[in-house]
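Asks: whatever this is, show me its structure:
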Amino acid sequence: MAADTEKLDLVVIGSGPAGEKGAAQAAYFGKEVALVERGGTVGGACVHTGTLPSKTLREAALYVTGFHRGELYGMTLEIDRQASLRQLMGRLRAVTDQQVAQIARNIDRHRIALHLRGAAEFVAPDEVVVRDPSGAEIRRLTADCFLIATGSAPLRPAGVPFSDPDVEDSDTILDLDRIPTSLAVVGGGVVGCEYACTFAALGTRITIIEGRGALMGFLDREMSTALKSALERKGHDVLLGDAVTSVERVASGPLRLQLKSGKVLDVDKVLYSAGRAGNTQGLGLDKANVALDGKGRIRVDEHFRTSAPRIYAAGDVIGSPALASVSMEQARVAMCHAFDIPYKTRVSPITPYGIFTIPEISMVGATEEKLATAGAAFESGRARFENNARGQIIGEHDGLIKLLFDPASRKLLGVHIIGERATELIHIGQMVMELGGTLDVFINSVFNFPTLSDVYKYAAYDGLQRLALGPARTL
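Replies: Numbers count the residues shown, from 1 in each chain. Below is the predicted model of the structure:
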């Protein structure tokens, strides 16, 4: 070890959800930690280009347009597009600043030994060099353990003219110069659908082009179909089983998309949402003996240890499920295993998904399709928000909850919700599943009235009625 190399217990590379929480977990248990972030501020893509900006944009869009108020009271609302853009961007900056300050406070509160701005690169399995933007060496660090939490970046398909200012990916779409009049979204995954719905709320005409047979194919098909129907009812287009073959600028006019089906679309902007790749370039992982997959994601075992024994990885850089909530837990668990801390031993297998489309979608547990593929017996119970008093008050006509359960034990197997506050409501079902609960939990519980939570009780009653009417079914 060179004389100018500093020795720590842990070096964390990246300050997004996984990096921040992994560093804090180790520091909480007395480890000397260095946190290295190549960006200008902490927070990673979650705070600056991904999770929080997109959700903030959605919430701000709903507010400035009076989206729900207009539907409920039969109003037609015209928005000042430039004034609305200023409000949207102002709100994005405010939330980003609050989050950066909060993360910085958490780093200080846990007394992280070193907090360095710079790019880290392994020069050996137990040593990294930290460089400033010019490439000059700032520090050399060695440690008993390393945590790589560098996140991911949008994949850019070859042949797409991203040099055109109106051809966007999920990072650049936030640098808005205007609210587009029309937007083609190429890719019907979570990110594509969330942005499509946000811009739809702002009055943009939306076309989603998805090569597969459903939006967000991991969802329960009933929920995916309900979102497609909600978009189409508002005059937007969802083209499934199709693909873009070319994008070109028509003189000084619109962007023209040629589709595999032969359709031609002229649009104001195009958003490509074609998946993400791990941010591993420039880390020197070959010198650290860390193995990657074909998309630059780091391979890890069940303890989030890489192919190098003292190097761990967590968050989007290791791939699916690429959820901020899960990334935090992965990093905490990784550090507990790295330092033999008897605290968290695993990430809960019961993980909720929250999708901030309009309407929201959330799920936890098995889908009908997964249960049918496994040959498992199951029954379902449903309740619509339009038959719920609170749903009627707020004018929620898209909302639906579906409970999947074992017919013999009544044990809850999955919960699927579309509608207002779905991402909050899902946690009720999640907790019942965590505790191994049954439909009877909902039947026997008392919910505030009028609330959307009450749909759980009536979905459970519906499930019991279906159970009484005949044998359990599989799809």
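
Asks: how about Thr142, phi and psi?
Replies: phi -130, psi 160 (degrees, to the nearest 10).

Asks: nearest residue to it in space, please, no chain neighbours.
Replies: Spatially, and ignoring its direct neighbours in sequence, Thr142 is nearest to Glu127 (4.6 Å; C-beta to C-beta, 6 or more residues apart in numbering). C-beta: built from backbone N, CA, C; applies to glycine.

Asks: check which residues of stretch 23-33 are buried.
Replies: Within stretch 23-33, the residues scored as buried using 16 or more other C-beta atoms under 10 Å are 23-28, 31-33.

Asks: go on, stretch 417-428?
Replies: 417-423, 425-426, 428.

Asks: the lowest-mean-pLDDT helix or strand in the chain: what's the following helix or strand?
Replies: When each helix and strand of the chain is scored by mean pLDDT, DSSP states H and E, helix 67-73 comes last, with a mean of 59. Counting by DSSP states H and E, the next helix or strand C-terminal to helix 67-73 is helix 81-109.

Asks: which one of the buried residues of stretch 23-33 sits closest to Leu439?
Replies: Gln25 (36.5 Å; C-beta to C-beta).

Asks: wait, a helix at that closest one?
Replies: Yes: Gln25 forms part of a helix when assessed by DSSP: H, G, I helix; E, B strand; the rest coil.

Asks: how about it, what does it touch?
Replies: 331-332, 335-336, 341, 343-344 (C-beta atoms under 8 Å, 6 or more residues apart in numbering).

Asks: dump these to TSV, plus distance to Asn106, neighbour count and pLDDT.
Replies: Listed next are the contacts of Gln25 as TSV, based on distance: C-beta to C-beta, whole Å; neighbours: other C-beta atoms under 10 Å; pLDDT from 0 to 100:
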residue	distance to Asn106	neighbour count	pLDDT
Ala331	13	31	98
Arg332	13	22	98
Met335	15	30	98
Cys336	18	20	98
Ile341	19	18	96
Tyr343	18	12	93
Lys344	18	15	92
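
Asks: which of the residues you listed fall in helices?
Replies: 331-332, 335-336 (DSSP state H).

Asks: would you turn the residues you listed into CSV with distance to Asp266?
Replies: Output for these, formatted as CSV (distance: C-beta to C-beta, whole Å):
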residue, distance to Asp266
Ala331, 45
Arg332, 49
Met335, 52
Cys336, 54
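
Asks: pick the one among those closest to Arg249.
Replies: Closest to Arg249, out of all of these and judged by C-beta to C-beta, is Ala331, at 43.3 Å.

Asks: does that closest one touch Asp316 like I think?
Replies: No: with contact defined as C-beta atoms under 8 Å, Ala331 does not reach Asp316; the gap is 11.5 Å.

Asks: turn the buried residues of stretch 23-33 into a markdown table, including pLDDT and distance to Leu92.
Replies: A markdown table is the format used below for those (pLDDT from 0 to 100; distance: C-beta to C-beta, whole Å):
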| residue | pLDDT | distance to Leu92 |
| --- | --- | --- |
| Ala23 | 98 | 26 |
| Ala24 | 97 | 26 |
| Gln25 | 97 | 29 |
| Ala26 | 97 | 32 |
| Ala27 | 97 | 30 |
| Tyr28 | 97 | 31 |
| Lys31 | 97 | 35 |
| Glu32 | 97 | 36 |
| Val33 | 98 | 30 |
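
Asks: looking at those residues, which is nearest Val270?
Replies: Closest to Val270 out of these is Ala23 (38.1 Å), distances taken as C-beta to C-beta.

Asks: tell me which element Tyr195 falls in.
Replies: Tyr195 belongs to helix 190-201, assigned by DSSP H and E.

Asks: paired strands for whichever helix or strand comes after that helix, with orientation please.
Replies: Helices and strands here follow DSSP H and E; after helix 190-201, the next one along the chain is strand 205-210. Strand 205-210 has its sheet partners listed here by DSSP bridges as strand 182-186 (parallel), strand 237-240 (parallel).

Asks: please identify the most buried of the ones you listed.
Replies: Comparing those by mean neighbour count (mean count of other C-beta atoms under 10 Å), strand 182-186 ranks first with a mean of 25.

Asks: any residues touching that one, and which ones?
Replies: Strand 182-186 is contacted from outside by 192-193, 195-196, 199, 204-209, 244, 254-255, 257, 265-274, using C-beta under 8 Å, 6+ apart.

Asks: dump the residue contacts of the most centrally placed residue in the chain.
Replies: Nearest to the geometric centre of the chain sits Leu323, at 4.8 Å (C-alpha atoms, centre = their mean). Neighbouring residues of Leu323 by C-beta under 8 Å, 6+ apart: 351, 353.
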